[in-house]
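>>> sequence first, predicted coordinates after that:
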Amino acid sequence: MNDNNGYAVRTDKLTRRFGSFTAVDAIDLAVKPGEIFGFLGANGAGKTTAIRMLCGLLAPTEGEAWVDGLPISSKAEEVKRHIGYMSQKFSLYNDLHVIENLEFYGGVYGLDKAEIRSRSTELLARVGLEDKGRTMTVDLSLGYKQRLALGCSVIHRPNILFLDEPTSGVDPIARRQFWDLIYELADQGTTVFVTTHYMDEAEYCSRVSIMVAGHIEAMGAPEELKTKHDVPDMQQLFITLVNR
Amino acid sequence: MKAIFYLVQKEFRQIFRDHMMVRIIFLLPLLQLFIFGYAVNNDLKDVRISILDQDNSVESRHLADAFLNSSLFIPGPAAHSPADLDDLIYKGKTDITLWIPNDYSSSLSVGQEAQVGIAVDGKNSNLGGRAGGYAMAIIRQEGQRLRDARMLDNPLLRAKMKEIKTATRFFYNPELVSRTYMVPGIVVLVVTIISGLLTGMAVVRENEIGTLEQLMVTPITSLQLIAGKTIPFMILAFFELAFATVVAVLWFKIPIAGSLWLLTGSSLVYLVVTLGSGILASTVSRTQQQAMFTVWFFLVFGILMSGFFYPIENMPMAMQWLTYLNPLRYFLSIVRGLFLKGITLSDSLPDLIPMALLGIIIFGAAILRFRKTVA
């Protein structure tokens, strides 16, 4: 277990089967603290299944993973206090005010009243919604909703943040602003584990892995991978690996 | 514990921001109370009777008058032949017919059996049966009167006969007003709908918008989540109970003979059943519509099999056995007993205990299913 010290996320032959179908096939990952780790792959490659296992939403069939040093098979509940999770559905309550969404998730994570208040105000400013606290969430633009969802997922200052296709469906400017927030979080020491379909976003990551049909086909820094496979950009690398 | 508070607070914020929901919660029960309280009327009164008196004698007129002088019957359209009578019933122009054939008084005078014909419109079997029974009673009474009259002429016979009189008196609902019977039933329905239907829909809504998954990555447990979902609707259900009871007592003037504490306590037990059913329905439903139809299906079954409209004793035996699985049956019996008879805790135990057992089974199953679906 000592080899997990120092890693934010590590997996050892992590496997998940659904009947005879193997969604995630013995993957090995090691993510260092403060990294922005890009978890890439085509639709149906098994990314979401892997993330759901790492977040304690799904039990692995075989293998093990350690999140913040905690084994997910036996400490899934404890893992949940150490992580933040934002899915592509960015689960906000549309019929609550912006600030009420933050307060609610703060309460659910067990923050006390004063903490919830100060942290909500702080995060509102951070995601650029300081004058929209009393706006009904349903009235926010998609870009703002995603930033609010990010705010909600880090209200309890998690060490590791899992983002599952956080920027799908918004314009390039909103995506850029969202990534600025991700950088800010990483600068403060949060490990960010992110899946995406946008290959320009993959370039922003410290390291990436590319998953194909349940396997990890490549892992490393974007520059390193591009040189190794002799391709000009991540887009090309992705297409090469997925079609191989 | 703190997490539950925030879950409950959030639920109330959502409920009161949804105008449709507010209407369902506050207006619907009132509407149901008034519709069922006034419109559903099983009271026997103003039953139209068409009489064809072909005998036209003192005796036959006496019989006809016995009907018309009773508070129950009012004269219906006249008929000129037995076929006319059938026609009136067929066309719904009258509720009951009495045919006195032309040999009525002559048969009586020679001491033979006299026959009259009664036909009742059975479309509403309950009303028809009761009106028919009432008509039979009038005829029996008339027969008795005739016998008595004859005995008066024969002192020897009169001395031998003992006078037999039957008197019927109804307890608990002396005027047999359906409202007195229906309104406590509505109180039960309102509580059932609010707690069962809304809980189920609230859980599924979270599943639909994806927040349920978000909640599952937080440290809250499925038990806390269930508490957070059921407590708001339990509070609302108690509010509805109080509201409906106040309307029943102050507006419909239905006295509560029993203790309010027993009403509150037995409601709490019943809510375990309905809230559990709501959660259970949510675990087999993907959309709010599915949850609604699932709850609705069992609700209709539960209402029909509870004795709300039709007495359980009138059901086929197999169906009667089935009603023992129906929690509504027990609660309805307790609430009606509380309102009308003033039953005590020990009187209510035969209903309270099976209801509590059903509650434990249903809520337990709900917890198990819920854990399985969300995890």
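Cool, the structure landed. Just so you know, these numbers come straight off a predicted model, no measurement behind them.
>>> tell me the helix or strand right after the lowest-mean-pLDDT helix or strand in chain B.
Least confident element among the helices and strands of chain B, by mean pLDDT, DSSP states H and E: helix B:155-160 (a mean of 57). Remark: after helix B:155-160, the chain's next helix or strand is helix B:178-192, criterion DSSP states H and E.
>>> elements contacting that following helix?
helix B:19-34, helix B:222-246, helix B:260-283, helix B:288-304, helix B:327-336 (3 or more Cβ pairs under 8 Å, 6 or more residues apart in numbering or on different chains; DSSP states H and E). Every residue, glycine included, has its C-beta placed from N, CA and C.
>>> quick check: which element contains whatever residue of chain A ends up closest to chain B?
Proximity of chain A to chain B (Cβ to the nearest Cβ) peaks at A:G107, 2.8 Å away. Here A:G107, judged by DSSP H and E, is contained in helix A:98-108.
>>> only C-alpha atoms, please: export that helix in CSV.
This file holds the C-alpha atoms of helix A:98-108, laid out as CSV (Å, rounded to 0.1, in the frame of the first residue of the first chain):
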residue,chain,number,x,y,z
VAL,A,98,-27.9,30.3,-7.6
ILE,A,99,-26.8,30.8,-4.0
GLU,A,100,-29.2,28.2,-2.7
ASN,A,101,-27.6,25.6,-4.9
LEU,A,102,-24.2,26.4,-3.3
GLU,A,103,-25.7,26.5,0.2
PHE,A,104,-27.4,23.2,-0.3
TYR,A,105,-24.3,21.3,-1.4
GLY,A,106,-22.4,23.0,1.4
GLY,A,107,-25.0,21.6,3.8
VAL,A,108,-24.9,18.2,2.3
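>>> can you list contacts of the top strand by length along chain B?
Ranked by residue count, the top strand of chain B under DSSP state E comes out as strand B:47-53. Around strand B:47-53, the neighbours that count as contacts under Cβ atoms under 8 Å, 6 or more residues apart in numbering or on different chains are B:60-61, B:64, B:67-68, B:72-82, B:84-85, B:88, B:93-100, B:127, B:131, B:134-135.
>>> strands paired with it, and their directions?
Applying DSSP bridges, strand B:47-53 is found paired with strand B:73-75 (parallel), strand B:96-100 (parallel).
>>> now those as JSON lines including mean pLDDT and mean neighbour count?
Listed next are the strands paired with strand B:47-53 as JSON lines, based on pLDDT from 0 to 100; neighbours: other Cβ atoms under 10 Å in any protein chain shown:
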{"stretch": "strand B:73-75", "mean pLDDT": "89", "mean neighbour count": "17"}
{"stretch": "strand B:96-100", "mean pLDDT": "90", "mean neighbour count": "24"}
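>>> reformat the ones you listed as TSV; add distance to A:L181.
Shown next, in TSV, are the strands paired with strand B:47-53 (distance: least, Cβ to Cβ, whole Å):
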stretch	distance to A:L181
strand B:73-75	81
strand B:96-100	81
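>>> between these, which one is closest to A:D233.
strand B:96-100 (92.2 Å; Cβ to Cβ).
>>> first-to-last residue distance for stretch B:107-118?
This stretch, stretch B:107-118, spans 18 Å end to end (Cα to Cα, to the nearest Å).
>>> and stretch B:284-301, anywhere near chain A?
No. Judged by Cβ under 8 Å from any Cβ of the partner chain, stretch B:284-301 stays clear of chain A, getting no closer than 14.1 Å.
>>> and B:I254, which of the strands paired with strand B:47-53 is closest to it?
Checked against Cβ to Cβ, the stretch from those lying closest is strand B:73-75, at 27.7 Å.
>>> residue in chain B nearest to chain A?
Counting by Cβ to the nearest Cβ, chain B gets nearest chain A through B:Y6, at 2.8 Å.
>>> what's the spacing between that residue and A:G84?
17 Å (Cβ to Cβ, to the nearest Å).
>>> quick one: which of the two has more around it?
A direct count of neighbours by other Cβ atoms under 10 Å in any protein chain shown for B:Y6 and A:G84 places A:G84 higher, at 27 against 21.
>>> and the buried ones among the contacts of strand B:47-53, selectable in ChimeraX?
Here is the ChimeraX command that picks out the buried ones among those, judged by 16 or more other Cβ atoms under 10 Å in any protein chain shown:
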select /B:60,64,67,72,73,76,79,84,85,88,94,95,96,97,98,99,100,127,131,134,135
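>>> now, the contacts of strand B:47-53 that are in helices?
Those of these mapping onto helices are B:60-61, B:64, B:67-68, B:82, B:84-85, B:88, B:127, B:131, B:134-135, per DSSP state H.
>>> pLDDT check: weakest of those residues?
Least confident entry in the ones in helices among the contacts of strand B:47-53, by pLDDT: B:L127, with 71.
>>> does it touch B:D46 like I think?
No. B:L127 sits out of contact with B:D46 when judged by Cβ atoms under 8 Å, with a separation of 11.1 Å.
>>> next helix or strand past the top helix by length along chain A?
In terms of residue count, the longest helix belonging to chain A (DSSP H) is helix A:172-187. Later in the chain than helix A:172-187, the nearest helix or strand by DSSP H and E is strand A:191-196.
>>> I'd guess B:F36 is in a helix, am I close?
Yes. Assessed by DSSP: H, G, I helix; E, B strand; the rest coil, B:F36 belongs to a helix.
>>> how many neighbouring residues does it have?
Residues contacting B:F36 under the criterion other Cβ under 10 Å number 18.
>>> any low-confidence regions in the chain?
You didn't say which chain, so I picked chain A. A:1-5, A:90 (pLDDT under 70).
>>> wait, chain B
Ranges of chain B meeting pLDDT under 70: B:40-43, B:124-126, B:151-178, B:373-375.
>>> around chain A, pick out the residues from it.
B:2-3, B:5-7, B:9-10, B:13-14, B:17-18, B:209-211, B:213-221, B:375.
>>> need the buried ones from the residues you listed selected in ChimeraX.
Those of the residues of chain B next to chain A that count as buried under 16+ other Cβ under 10 Å are selected in ChimeraX with:
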select /B:3,6,7,9,10,13,14,209,211,213,214,215,216,217,218,219,220
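>>> in helices, which of the residues of chain B next to chain A fall?
Using DSSP H, those in helices are B:2-3, B:5-7, B:9-10, B:13-14, B:17, B:209, B:211, B:213-216.
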